[in-house]
Structures are given as C-alpha cells and as structure tokens.
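Student: model the structure of this input:
(2 chains)
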There are 2 protein chains.
Amino acid sequence: MTRAQLIQQIESKRSVLCVGLDTDIKKIPAHLLGMEDPVFEFNKAIIDATVDYAVAYKPNIAFYESMGVAGWQSLEKTIQYLNSNYPEVFTIADAKRGDIGNTSKMYAEAYFNAFEFDSVTVAPYMGSDSVTPFLAFEDKWVILLALTSNQGALDFQLAENKEGEALFEQVVKTAQEWATPDQLMFVLGATKTEYLERVRAAAPDSFFLVPGVGAQGGSLRDVLTKATNKDYGVLVNSTRGIIYKSSARDFAEIAKIAAEELQREMEIILF
Amino acid sequence: MTRAQLIQQIESKRSVLCVGLDTDIKKIPAHLLGMEDPVFEFNKAIIDATVDYAVAYKPNIAFYESMGVAGWQSLEKTIQYLNSNYPEVFTIADAKRGDIGNTSKMYAEAYFNAFEFDSVTVAPYMGSDSVTPFLAFEDKWVILLALTSNQGALDFQLAENKEGEALFEQVVKTAQEWATPDQLMFVLGATKTEYLERVRAAAPDSFFLVPGVGAQGGSLRDVLTKATNKDYGVLVNSTRGIIYKSSARDFAEIAKIAAEELQREMEIILF
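Tutor: Numbers count the residues shown, from 1 in each chain, chains lettered A, B, ... in the order given. A predicted model of the protein is given here:
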C-alpha cells in the first residue's frame, strides 16, 4: 500500500484507528471454541464489526506463534480474509523481527510474500543490514521500534550518548538515512507523553504506529495533539479496549461500539 | 537443560560446536526435493552425520517462517527428532524475539512449550519486561543479543554513553541483574575480535553463543583463546561451512567431515 492510499483511507473513514488482533484462545468467547478455527472466527467477527472505523489491523504474531502450526494457519486465514474482503485496509504484522541480512530477507519473504502483509514491525538493535532487506519490496513498509510503550523502554532506549541524544533518537535519525517516509514508520508508545513532540521533531514526515492508548495508560488526546503532522502521521492502536471488551456472545457488537467511540474522538480532534 | 549438563556434554564430546540449521529449500540437494518434507529430511541427515561432534543445534527460525505453515511443520519435526533421538543436545531457537511482557510470554510459550527448545535468542531493545518472561521456565535459557556479527552492529551497539560504555556493555551489565549465568547467555559475534575480551570481562561466568566463524570471517582461534572461561563458556556456531559445504548426494558425509575438523581444532585448543 502506498502512503497516498493510506492517507486517503484515513480521510475517508475519518479515523487513524488500528485494531490489534492479539487473539488469545484463553480469552475468546466460549461459544466460539467448538468451531473448527476459533481464532480465525474471532478475528473475522472483530474485523467485520470494526472495519468502518479502523484503517489498520495488527495481528500480534506471538499470539499465533504460541499455538504452533495451528496458529500459523489461523494467521494465514486472517490475512487472506483481510486482503480479499477489505483490500483498502493497512495490515501490520507485529513481529518485531530483525537479524543479519540474509536472515532478515527470509523474514521479509515470510511477511510480504508467504503472508501478504503491507508492513512488519522490526527491531533496530542489529542495525542497517537487519532492516534494509525489508525495504526491498515495493509498497511494503518497515515499522521500526523507536520508543516503545512498556516499562523496559527505560532500560536502553533512553540511554544517552555523549551528545545527549537518547538511543531512540539515534535510531530515528539513522534509520531515515535508509528509507523515505513512504516506506518507513516508527513505533512510538503513547505512554511516553513527554517524548511525543521530541520524536515528531526528529521525524517530521514519518507515520508513527502508536500503541499504549487505553489499557497501558496513554492518552489519545495527547497523541493526537502532539504527535500528528499535516498528513495525520499516526496510526493509534487499540487492542484490549476493543477486542476483549466483552467475552460474551455480543463480543463483536461491543467491539464495534468501542471502535466507533474511538473513531468519534479521533474525528473530533483531527478533522 | 542445566548448565552442568551442558558442560558435561562439552567435556564428553570435547567440542563447543553448534551447528546452524539455516535450511533453505533453494540450497538443499536436488535429490531431496521429491520427498514429502525435504527440509526435515535435510536436517535429519545433517544432525545424524554431525551429532558426534556438535553439542548444540540452532535452527534459524526465519528460514522456516519464510515457508509459511509448511515451514513450521518442518521445524516441529526437527525439534521433535532432536529431543527424541539426542536428548543430550542443547537446542537453540534462533528467533531474536522480544516484545512487551504479555507478548514475550507468548513467544516463550511458543519455543519452550509448543516446541520444546532449551533456549531462544532474544533482542534486548525493549528492556527488562521483554526478556524476563522467558526466564520463568525452569532449565530454559535466554540467549540475549549483545554484540552481533554483522556490519549493522556498528550502528547502535557500539554507541557509547557519557561514561564511555558501549550499548552492548550496558546490555550485558544490566541483563545480569535479571538472571544468573545458569539461565542467561549472550550473543557475541566472532567478527568483533577486538571486543571478545571486553565482553568476557563484563560477564565472566556467562556462556556466549558465538556466530560469525567461517563464512563471516571470524577466527576460531581468537574466540577459543580470548572469549572462553573455566567452564569453556562458549558455543561456537558454524552454518554454511558445514551444512552447505556440498550440495550433492554426499552432503551429509561432507558435513560430517567439516564438523569433525572443527571439533578437532576445538579439542586441540581447549582440552
């Protein structure tokens, strides 16, 4: 997907909402468990219910991987369902991969060819040749970890070099030498309110994938007023506040209401 | 596997060799391609041929993941084959995972429960809560990226803080607060000869997984003289120099000779 297509979708839905598909067999409604593939059925229902309000879907790969071969089958069906039924939607494989060049190339083939995602999240620790193989695919995106939403972000991401630049800033600065904002986004945790403007300043034209709103405590208003740019420039992820809001038969309906509420807030602030 | 069991195996085989199973369907001998699962057949033959000389096997997960569901089936058969036939061998899922706590827990379940590996490689960028969920499993290991063997390692891993400590040293120092050397190893690239002693000094009791000998240019002698400790303390990985030395019908036999040669060199220097 191109940047222009993504922006067009944001304008048409008046939303920057990304729905996280962290689908856990232990948390999905009991009535689905008798079906052949409960994880896929859950995802399908959530997608159908929320797609008018969401511009992106983000399966968290760990949740599928933890189920072994069956999990990968559920993931495959999910991405195929999204691509067949809602080709306008931006898809994110939240995989946080990254390895030496020949290995990152394999991961890129996994997410861009074997599964046809639009983007994959990548960890920056191993540097340029761990990231650039993902950039060799036309209209596919790297979403590079910069400042994450978790407590552990404090351990290394804020470590400053002699010039007073934090590691996450070094990552944002250096990575922009590898790719344009047409192919490269950054992960920026909503919980790190005090850094939102600093990261925006470091990457004025980039899109940010923003987790951490809701259950993790980040403020949607802060993100939408401090981290946006003229092209909107953010995809705000919500997972638990949408997909697990109800664990009863009405889960999809309740997810729809939660997604619509977030979309309304976004519309009021952004448009 | 416990540290004592690992050391016992090293002493019994007089080897610290780890064989990388970066099995690429495009590189394996043509005569295997007609079989039901060529990737597994290749791995099985390599394992059987080299197991007298190797103490560890390291499937590189990207190579399996790139094949979609079929790849995960090959990986599952490979780890089951190793655990059933050679339970004394140390197994490493080279996955370089790492995410927020609840997600890392899922990855840990994938590699320690769904597949029964002894260890998994983990990226440190997201800090403590991205690593500690892997440490909640008895006799299972985290192998944390410290200084990797690739060119991109220069981008961030060598960035120094105000005290002149490189990022990889901060990682090694901080991570030792999370786990003992009975559960935590570090990745240390053999190509970074000038840092081998520095990393050993920072983690005197830890085991290091050392890639980069052979095709990537690292020196086995340097590693075995500069990075070892009283418990040997290293697992030296070789992949291309063993598994792809021949792509003909004799590939396993040639792999055996290559593994034996490396074991001999190790025996001479270490024992």
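Student: what is the burial count for the closest residue to A:Ala123 other than its chain neighbours?
Tutor: Spatially, and ignoring its direct neighbours in sequence, A:Ala123 is nearest to A:Gly98 (4.1 Å; CB to CB, 6 or more residues apart in numbering or on different chains). Bear in mind the C-beta positions are built from the backbone N, C-alpha and C, glycine included. Around A:Gly98 there are 33 other residues, counting by other CB atoms under 10 Å in any protein chain shown.
Student: ok, A:Gly98 to B:Asn150 distance?
Tutor: 10 Å (CB to CB, to the nearest Å).
Student: what is in contact with the two at once?
Tutor: Counting by CB atoms under 8 Å, 6 or more residues apart in numbering or on different chains, the common neighbours of A:Gly98 and B:Asn150 are A:Met126, A:Ser130.
Student: re the thing from before, quick check, pLDDT for the residue nearest to A:Ala123.
Tutor: Reported pLDDT at A:Gly98 in the predicted model: 97.
Student: can you verify my assumption that it contacts A:Asp129?
Tutor: No - if you go by CB atoms under 8 Å, A:Gly98 and A:Asp129 don't touch, sitting 10.0 Å apart.
Student: need the overlap of contacts for those two.
Tutor: Common neighbours of A:Gly98 and A:Asp129 (CB under 8 Å, 6+ apart) are A:Ser104.
Student: residue contacts, the residue nearest to A:Ala123?
Tutor: A:Ser104, A:Tyr107, A:Val122, A:Ala123, A:Pro124, A:Tyr125, A:Met126, A:Ser130, A:Val131, B:Lys96, B:Ala123.
Student: residue boundaries of the helices in the stretch 101-250 of chain A?
Tutor: A:101-109, A:128-131, A:153-156, A:167-175, A:196-202, A:220-226, A:240-243 (DSSP state H, counting those that start in this stretch).
Student: is chain B contacted by the second one?
Tutor: Yes - in this structure, helix A:128-131 sits against chain B according to CB under 8 Å from any CB of the partner chain; the contacting residues are A:Ser128, A:Asp129, A:Ser130, A:Val131.
Student: please apply the same query to the fourth one.
Tutor: Yes - shown here: helix A:167-175 in contact with chain B (CB under 8 Å from any CB) through A:Leu167, A:Gln170, A:Val171, A:Thr174.
Student: same deal with the first one?
Tutor: Yes - judged by CB under 8 Å from any CB, helix A:101-109 comes into contact with chain B through A:Gly101, A:Asn102, A:Thr103, A:Ser104, A:Met106, A:Tyr107, A:Glu109.
Student: counting contacts, what elements does that helix pack onto?
Tutor: strand A:90-97, strand A:119-122, helix A:128-131, helix B:61-65 (3 or more CB pairs under 8 Å, 6 or more residues apart in numbering or on different chains; DSSP states H and E).
Student: next, the angle strand A:90-97 makes with it.
Tutor: Relative orientation of helix A:101-109 and strand A:90-97, computed by axes from the mean of the first three to the mean of the last three CA atoms, to 10 degrees: 150 degrees.
Student: which SS state does A:Glu265 fall under?
Tutor: Recorded secondary structure, A:Glu265: helix (DSSP: H, G, I helix; E, B strand; the rest coil).
Student: isn't it right up against A:Leu220?
Tutor: Yes - counting by CB under 8 Å, A:Leu220 is a contact partner of A:Glu265 at 5.8 Å.
Student: neighbour count winner among those two?
Tutor: A:Leu220 (19 against 16).
Student: residues touching the more buried one, list them.
Tutor: Residues near A:Leu220 by CB under 8 Å, 6+ apart: A:Ala190, A:Val213, A:Val236, A:Leu262, A:Glu265, A:Met266, A:Ile269.
Student: of these, buried ones?
Tutor: By neighbour count, with 16 or more other CB atoms under 10 Å in any protein chain shown, those hold A:Ala190, A:Val213, A:Val236, A:Leu262, A:Glu265, A:Met266 as buried.
Student: neighbour count and distance to B:Ser246 added to the residues of helix A:167-175 next to chain B, as CSV?
Tutor: Listed next are the residues of helix A:167-175 next to chain B as CSV, based on neighbours: other CB atoms under 10 Å in any protein chain shown; distance: CB to CB, whole Å:
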residue, neighbour count, distance to B:Ser246
A:Leu167, 25, 44
A:Gln170, 22, 44
A:Val171, 26, 41
A:Thr174, 17, 40
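Student: of all the residues you listed, which comes closest to B:Leu6?
Tutor: A:Leu167 (32.8 Å; CB to CB).
Student: correct me, but the closest one touches B:Phe168?
Tutor: No - applying CB under 8 Å, one finds A:Leu167 not in contact with B:Phe168, separated by 12.0 Å.
Student: count the neighbours of A:Asp222 for me.
Tutor: By the criterion of other CB under 10 Å, A:Asp222 has 17 neighbours.
Student: tell me how far it lies from chain B.
Tutor: 19 Å (CB to the nearest CB, to the nearest Å).
Student: quick one: the strands in the stretch 151-271 of chain A?
Tutor: A:184-188, A:208-210, A:234-238 (DSSP state E, counting those that start in this stretch).
Student: quick one: closest of those to A:Ala258.
Tutor: So among the strands of the stretch 151-271 of chain A, strand A:234-238 is nearest, using CB to CB, at 7.7 Å.
Student: each with direction, which strands does the closest one pair with?
Tutor: According to DSSP bridges, strand A:234-238 has the following sheet partners: strand A:17-21 (parallel), strand A:208-210 (parallel).
Student: what mean pLDDT does the first one get?
Tutor: In this model, strand A:17-21 carries a mean pLDDT of 98.
Student: how about residues contacting that strand?
Tutor: Outside strand A:17-21, the residues that touch it by CB under 8 Å, 6+ apart are A:43, A:46-47, A:50, A:53-60, A:63, A:78, A:90, A:92, A:94, A:209, A:211, A:235-240, A:242-243, A:259, A:262-263, A:266.
Student: mind exporting that strand as PDB, just the C-alpha atoms?
Tutor: Included here for strand A:17-21 are C-alpha records, laid out as PDB according to Å, rounded to 0.1, in the frame of the first residue of the first chain:
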ATOM      1  CA  LEU A  17      -7.500   3.600  14.400                       C
ATOM      2  CA  CYS A  18      -5.500   0.400  14.200                       C
ATOM      3  CA  VAL A  19      -7.100  -2.700  15.800                       C
ATOM      4  CA  GLY A  20      -4.700  -5.100  17.500                       C
ATOM      5  CA  LEU A  21      -5.500  -8.700  16.900                       C
END
